[in-house]
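Visitor: the sequence and its predicted three-dimensional model are supplied below.
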Amino acid sequence: MENTMEQQIKITEIENGGVGSPTGFITGGQRIGLRKSKPDMGWIYSQQPAAAAGVYTTNLFQAAPLKVTKTSLQEEQKLQAVLVNTVSANSCTGEQGIKNAFTTRKWMAKHLKIPEHYVAVASTGVIGLQLPMDKMKKGIEKISLDTSEAPFEKAILTTDTHTKHLAVRLKAGGKTITIGGACKGSGMIKPNLATMLGFVTTDAAVSPDDLHSALLQVTQKTFNRITVDGDTSTNDMVLVLANGMAGNETLTAAHPDWPAFLAGLKAVCQGLAKFIAGDGEGATKLIEVRVTGAKDEQAAEVISKTIVGSSLVKTAVFGSDANWGRIVCAMGYSGEPFDPYKITLKLGDMLLFEKGMPAVFDEKQAKAYLDRDSIIIKADLGEGSGEAVAWGCDLTYNYVKINASYRS
């Protein structure tokens, strides 16, 4: 469901690409003892200061690292390094938590010999735990830009079952540019301006103000279109860094290649968002909901997110039960007005519901489709040109098991 211009732009995915794929970015990870046997600290470093932008959770309990990172970006809208730790979210930790976040920023800047405001910090893990500053200090002092104990993508995970990363190449501003990304997120996912932790890098030269606008625009159609469990975290943040080392003409919203850059950024962010949705805690299936024929895009977005966020829809998908009644029920309580007698509802290409009445379909065929690890629900409202896509996952027994013992 991309527009014609996006379809004409040639975007090539890089095999096993990630946040370190663009020119001039060095990434890594290591275990510093925050958890027993897995990497728990990761970093991103740009060989030269990069234009930067961020989007953050709207949860009123914003974690200390978000406040510190916002402060860094207010200076020059530039970053050169990002430091990430797991286990402790450093959220709801009072003034001491904020002080600790600023201190880790200072230690990182000193270690890399860069200005403090060129460092962003991010944390993920249990809310209410103070950072173990002795381990943080020793870990920062061990960081090497020449070698790495573990990939950055692995060092930032919590309950994720696998790493999440990709990168693409395209032409813009007279040069080949690369956009890469990595993220983590598996539970507490219903973003509002960002999702858990996401990091995007590019070697393109981009105007800082337009970079921020691009991130806001793309986030709304990617990270803000996923849900796992309906919870918006205290630590949600997405950062994008553009270091200009591809040597292209500076891209702005007025540049003729701006649509190409936007398409590349969207491709990376959408891919990362789908990785998160498909790796929801305990999940076995990725659910994609496509809503078309709405009065406008906003209505389509609300309805698609309501469907994919419904616990009853999610459990029906888990059980491979083609219970279309749960889908139309979710549509009906979305808050968006529409004519129920104009709706067409499909599971893949199989018609389930039309003009206010159930359609005749093969239950065995529907179950076979729902047994797949990726399913598509299509709803056409028959009222306009508005369309949107949202992503989520099924709700399983393991989700309860994981979250019932999250701190143990």
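Guide: In hand now; what should we look at?
Visitor: tell me which element K367 is part of?
Guide: Per DSSP states H and E, K367 falls inside helix 363-370.
Visitor: name the helices or strands packed onto that helix?
Guide: strand 344-347, strand 350-354 (3 or more Cβ pairs under 8 Å, 6 or more residues apart in numbering; DSSP states H and E). Heads up, the C-betas are built off the backbone N, CA and C, glycines and all.
Visitor: pipe those strands into JSON lines and attach mean pLDDT, mean neighbour count and distance to L370 per row.
Guide: As requested, the helices and strands packed on helix 363-370 are arranged in JSON lines below (pLDDT from 0 to 100; neighbours: other Cβ atoms under 10 Å; distance: least, Cβ to Cβ, whole Å):
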{"stretch": "strand 344-347", "mean pLDDT": "98", "mean neighbour count": "19", "distance to L370": "7"}
{"stretch": "strand 350-354", "mean pLDDT": "97", "mean neighbour count": "18", "distance to L370": "10"}
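Visitor: can you redo these as a markdown table with distance to A204?
Guide: Listed next are those as a markdown table, based on distance: least, Cβ to Cβ, whole Å:
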| stretch | distance to A204 |
| --- | --- |
| strand 344-347 | 39 |
| strand 350-354 | 43 |
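Visitor: related to what we said a few turns ago, going by neighbour count, list what's buried in the helix holding K367.
Guide: Across helix 363-370, burial judged by 16 or more other Cβ atoms under 10 Å covers A366, Y369, L370.
Visitor: distance between the longest strand seen in the chain and the chain's centre?
Guide: Once the chain is assigned using DSSP state E, the strand that runs over the most residues is strand 41-56. For strand 41-56, the separation from the chain centroid amounts to 16 Å (computed by Cα atoms, centre = their mean, to the nearest Å).
Visitor: on contacts alone, who are the packing partners of that strand?
Guide: Using 3+ Cβ pairs under 8 Å, 6+ apart: strand 41-56 touches strand 25-30, helix 64-76, strand 78-85, helix 152-155, strand 197-202, helix 208-221, strand 237-242.
Visitor: relative to strand 78-85, how tilted is that strand?
Guide: Interaxial angle, strand 41-56 versus strand 78-85 (axes from the mean of the first three to the mean of the last three Cα atoms, to 10 degrees): 120 degrees.
Visitor: what inclination does strand 41-56 have with respect to helix 208-221?
Guide: If you take the same axes, to 10 degrees, strand 41-56 sits at 90 degrees to helix 208-221.
Visitor: next SSE downstream of the helix or strand of the chain with the lowest mean pLDDT?
Guide: None of the helices or strands of the chain scores lower by mean pLDDT, DSSP states H and E than helix 4-8, at a mean of 55. Downstream of helix 4-8, the first helix or strand assigned by DSSP H and E is strand 12-13.
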